[in-house]
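*Asks:* Got a sequence here, can you model it:
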Amino acid sequence: MTDAEETFVEFDRHGEVAVIRLNRPQRMNAMGALMLGQLRDAYRALVEDDDLRVGVITGTGRAFCAGRDIKEGAEAGARLQDQATSANTDLFMENNSPKPLVAAVNGYAGGAGFYLGTRAVDFSVAARSATFQIAEVPRGILHGWQTGFWMGLGRAAAHELAFGMKVSGQRAYDMGLVNRVCDDDELLDTALAAAREIAAMPPEVIRDNRALLKQIAPAVPQQLVDAALELRLEIQRRRGDGDAEFLAARGAGAAAARA
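*Replies:* Next comes the predicted model:
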């Protein structure tokens with residue numbers, strides 16, 4: 001990182017646990033290219049430090065992570081295929097980290113931030129003020145329909161997510177989306193306690209159990225994946241799929257509401 005670059009991802013050591021903090025509160029910790037690179041660097045530092053056993057990821061300010069930086073995408077002419085969850089599946093969708101990850105979800109977790117705080121970690125702790133949302137749905141993107149299936153949620157919970165509804169920290173715990181919920185001022189301590197409990201276990205057993213759990217996770221049938229892709233492309237043809245188009249439409253809608 002050069003001196004001219006801002007630090008959007010902080011990395012601190014707490015014994016055997018690393019705390020990785022998204023620190024771009026003025027943009028609700030939205031993931032731009034620089035922040036994505038720094039997050040990769042932080043994960044690499046966790047993996048390469050033999051004294052660290054577990055990572056905790058959290059955010060600064062009123063959001064855990066608002067997802068992909070749409071404003072940056074609009075300036076770059078980005079299309080849907082450039083969104084964080086598709087271009088960086090290893091960070092948001094697959095949980096390929098060699099070491100366990102715990103999320104401490106503060107505030108809003110939407111879009112890629114939703115998956116960063118749930119699917120892409122091994123254990124999730126939510127503050128009561130946390131809000132989870134498949135933010136692609138209100139944007140008009142066919143996404144999130146498979147999330148309940150992936151996570152073994154009940155029908156009612158799966159529908160809430162697939163319909164783009166906002167889910168509170170308590171509701172996320174009740175539906176089985178996160179492991180624990182706590183008061184806001186207890187969030188980091190609760191996440192660190194969980195991380196230290198994992199770190200105290202034999203590392204080879206944790207490693208093998210994580211690998212086995214991945215193998216028993218359900219996979220969406222390929223026929224359904226293909227059908228969803230066809231529908232998504234049709235929606236893109238009808239609505240347009242660029243970030244600039246989305247921001248323009250949102251701006252027009254806001255102006256109409258004020259009129």
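*Asks:* Now for the nearest residue to Gly111 once chain neighbours are set aside, how many residues are close by?
*Replies:* Closest residue to Gly111 apart from its sequence neighbours, by CB to CB, 6 or more residues apart in numbering: Gly67 at 2.5 Å. Every residue, glycine included, has its C-beta placed from N, CA and C. Residues lying near Gly67 (other CB atoms under 10 Å) number 28.
*Asks:* Equivalent analysis for Asp226, please.
*Replies:* There are 10 residues near Asp226, going by other CB under 10 Å.
*Asks:* Likewise for the one 5 residues further on?
*Replies:* Burial of Leu231 is recorded as 12 neighbouring residues (other CB under 10 Å).
*Asks:* Which secondary structure state is assigned to it?
*Replies:* Applying DSSP: H, G, I helix; E, B strand; the rest coil to Leu231 yields a three-state assignment of helix.
*Asks:* how close does Glu6 sit to Gly32?
*Replies:* 10 Å (CB to CB, to the nearest Å).
*Asks:* These two: who's more crowded?
*Replies:* Gly32 (20 against 10).
*Asks:* What are the neighbouring residues in contact with the closest residue to the more buried one other than its chain neighbours?
*Replies:* If the residues on either side of it in the chain are set aside, Gly32 comes closest to Asp69, at 3.9 Å by CB to CB, 6+ apart. The neighbours of Asp69, taking CB atoms under 8 Å, 6 or more residues apart in numbering as the test, are 27, 30-32, 35.
*Asks:* Inside helices: which ones of the residues you listed?
*Replies:* Among these, the ones falling in helices (DSSP state H) are Met35.
*Asks:* Relative to Asn179, which of the contacts of Asp69 is nearest.
*Replies:* For the contacts of Asp69, the closest approach to Asn179 (CB to CB) belongs to Met31, at 23.6 Å.
*Asks:* Quick check: bridge partners of the closest one?
*Replies:* Arg68 (DSSP bridges).
*Asks:* Let me see the contact set for Leu177.
*Replies:* 118, 124, 132, 151, 153, 157, 167.
*Asks:* farthest-separated two in those?
*Replies:* Maximum distance among the contacts of Leu177 (CB to CB): 14.5 Å, for Ser124 and Ala157.
*Asks:* Switch the contacts of Asp69 over to TSV; also include pLDDT.
*Replies:* Converted to TSV, those look like this (pLDDT from 0 to 100):
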residue	pLDDT
Arg27	93
Ala30	93
Met31	91
Gly32	88
Met35	91
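*Asks:* top of the contacts of Asp69 by neighbour count?
*Replies:* Going by other CB under 10 Å, Met31 tops the contacts of Asp69 with 29 neighbours.
*Asks:* hang on, isn't that one packed against Arg68?
*Replies:* Yes - between Met31 and Arg68 there is a contact under CB atoms under 8 Å: 5.3 Å.
*Asks:* What's the mean pLDDT across stretch 149-165?
*Replies:* For stretch 149-165, mean pLDDT is 93.
*Asks:* got the buried residues for it?
*Replies:* Residues of stretch 149-165 classed as buried: 150-151, 153, 157-158, 160-162, 164 (neighbour count, 16 or more other CB atoms under 10 Å).
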